[in-house]
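1. Fold the following.
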Amino acid sequence: MALPCDNFYEFKKLLTSYRDQDDKVIYRLNSLLPTASFSDKVDAASNCQKFKSELLDLHSKREHMINSCLEYQQNLLASSANDNNKRSIQRTIRSLKQEAGVEKIVKERSNTFFQTKCNPFMNFNASL
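-> Numbers count the residues shown, from 1 in each chain. Below is the predicted model of the structure:
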């Protein structure tokens, strides 16, 4: 799928849909991991490992999206001669940089919850 780097509104909608998965981290981990009474019936370490790889893949995709569109906009800025167009591109670049900051916070929040829920079931320090 082509990234909508030339339309920040469409880019933001796509990014938000990808971030929905991170918003559901707590629910998904709670559903994957057993309570004390079911701990012998579920392979929690395997579930954590699988979930970790899914989450890392999502984080990587979103980071790539942001960086690709940022690079695209910076190239547009370098080749633009129109001052009005340059201001618009600069606003988009600023917005993309803000999204990169939001992405860092989202990843940290997911990592914190992942560690809290998965460390008891894994033999190593579970971290994203």
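2. element containing Ala81?
-> Assessed by DSSP states H and E, Ala81 sits outside every helix and strand.
3. number of nearby residues for it?
-> 6 (other C-beta atoms under 10 Å). Any C-beta I mention is one placed from the backbone N, CA and C, and that applies to glycine too.
4. what does the helix or strand where Ser17 lies rub up against?
-> Assessed by DSSP H and E, Ser17 sits inside helix 8-23. Identification of contacts with helix 8-23 by C-beta atoms under 8 Å, 6 or more residues apart in numbering yields 3-5, 55, 58, 61-62, 65-66, 69, 92, 95-96, 99, 106-107, 109-110.
5. list the buried ones in the helix or strand of the chain with the lowest mean pLDDT?
-> Across the helices and strands of the chain, mean confidence by mean pLDDT, DSSP states H and E is lowest for helix 25-32: a mean of 82. Residues of helix 25-32 classed as buried: Val25, Arg28, Leu29, Leu32 (neighbour count, 16 or more other C-beta atoms under 10 Å).
6. contacting residues around the first one?
-> In other words, Val25. Applying C-beta under 8 Å, 6+ apart, the residues near Val25 are Leu55, Arg109, Ser110, Phe113, Phe114.
7. now swap in Gln90 and tell me
-> Leu77.
8. and the angle for the helix or strand containing it with helix 8-23?
-> If you go by DSSP H and E, Gln90 is part of helix 83-118. Orientation check (axes from the mean of the first three to the mean of the last three C-alpha atoms, to 10 degrees): helix 83-118 against helix 8-23 gives 10 degrees.
9. mind listing what Gln73 touches?
-> Gln73 touches Cys5, Ile89, Thr92, Ile93, Leu96, counting by C-beta under 8 Å, 6+ apart.
10. One more pass at 10 Å, please.
-> 5-6, 8, 11, 88-96 (C-beta atoms under 10 Å, 6 or more residues apart in numbering).
11. Can you flag the buried ones in those residues?
-> Looking at the contacts of Gln73 with 16+ other C-beta under 10 Å, the buried ones turn out to be Cys5, Phe8, Phe11, Ser88, Ile89, Thr92, Ile93, Ser95, Leu96.
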